[in-house]
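J.: sequence first, predicted coordinates after that:
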Amino acid sequence: MKILVNRDKCRGSGECVKVCPQDAIFLLDGVANVDESKCDFDGICIPACPHGAISFSEKKEENLSI
């Protein structure tokens with residue numbers, strides 16, 4: 001499983017960063033990125049994003065950010 005960030009939808013609000021208890025999400029150049037080594041895939045960041053830019057993916061081979 002992966003957490004995906006849709007770069008076209010992300011506006012860099014940082015709401016996902018604020019709610020992540022693992023500190024696995026960070027902003028880089030105004031776009032959210034996920035550090036998979038810290039992520040526990042609880043999905044708390046998904047509803048926190050006001051722009052709907054974060055989602056789960058079952059495929060492991062997909063890129064971290066799209």
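T.: That came in fine, so what should we check first?

J.: give me the pLDDT for F41.
T.: The per-residue pLDDT reported for F41 equals 94.

J.: under a three-state scheme, what state does it occupy?
T.: Here F41 is coil, with the state taken from DSSP: H, G, I helix; E, B strand; the rest coil.

J.: neighbours of it, how many?
T.: 14 (other Cβ atoms under 10 Å). Just so you know, the C-beta spots here come from the backbone N, C-alpha and C atoms, and that holds for glycine as well.

J.: I'd say it and M1 touch.
T.: Yes: the criterion here is Cβ atoms under 8 Å, and F41 meets it with M1 at 5.3 Å.

J.: any common contacting residues for these two?
T.: Here F41 and M1 share the contacting residues F56, scored by Cβ atoms under 8 Å, 6 or more residues apart in numbering.

J.: helices of the protein, start to end?
T.: 15-19, 45-48 (DSSP state H).

J.: go ahead and name everything in contact with the last one.
T.: When you say that, I think you mean helix 45-48. Looking at helix 45-48 with Cβ under 8 Å, 6+ apart, the contacting residues turn out to be 3, 15-16, 18-20, 25, 32, 54-56.
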